[in-house]
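> What would the 3D arrangement of this be:
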Amino acid sequence: MLFRDEVELRVATVAETTQVLGVLDDAAARLRARAIRQWPQAFQPSWVLPDIEAGRTWLAWRGHVPIATVTIGWSDPLWPDDDLAGYVHRLARTGAAPGVGEWLLAWADEQVCARDRRCLRLDCVASNAALRAYYTSRGFRHHGDATVSGPPGGRNAGGAKTVVSRYERNAVRRHE
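Okay, the predicted model is just below:
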């Protein structure tokens, strides 16, 4: 894959929380510039620290520069507890890394297959037509909408409510 030789993907550490937030905030700013209200203006450390501390958040680096982040988990209350899937949250890239999102989705497929699971699931704000089309064009099928609250990728009971669209695709093991 294009990024394989030029990008290092590794588990984010607590010391790299600022870098994770920087990637997320960069992506959020680019979305806002296109009038897409997918994410808040600034992510808070408390929103990402639990996943970083649990080893579920990854950072992609080109040299010494963080260019993307993704969180992958093994359950999500928006879906049945069926042990069939891996769940992608807060997939984001900087403006300097077009195309890395697709590479990260392929990597997530590999993680799912390595755990003997069969599908990759994610969600995005239902009003983000461009992102919904992106996921559909990459083999994801729409599995309904749900109302969530809390920070992006969170499932808290409090806070502003957001309608998200749920997507799933069969994970594919890629041999490179």
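> which helix of this structure spans the most residues?
Ranked by residue count under DSSP state H, the longest helix found in the chain is helix 17-33.
> buried residues in the following helix or strand past that one?
Next along the chain after helix 17-33, taking DSSP states H and E as the criterion, comes helix 45-53. Along helix 45-53, these residues count as buried under the neighbour rule (16 or more other C-beta atoms under 10 Å): 47-48, 51-52. All C-beta atoms are positioned from the backbone trio N, CA, C, and that covers glycine.
> Format those residues as TSV; extra columns: pLDDT and distance to A29.
Supplementary listing: the buried residues of helix 45-53 in TSV, determined by pLDDT from 0 to 100; distance: C-beta to C-beta, whole Å:
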residue	pLDDT	distance to A29
W47	91	17
V48	95	17
D51	95	21
I52	97	21
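> Just the closest of those to N128, please.
Nearest to N128 among these, counting by C-beta to C-beta, is W47 at 18.8 Å.
> Correct me if wrong: that closest one contacts P152.
Yes. Distance between W47 and P152: 7.0 Å, which falls inside the contact criterion (C-beta atoms under 8 Å).
> And the residue nearest to the spatial centre of the chain, which helix or strand is it part of?
Taking C-alpha atoms, centre = their mean as the criterion, L91 is the residue nearest the geometric centre of the chain, at 2.5 Å. L91 belongs to strand 85-93 when elements are defined using DSSP H and E.
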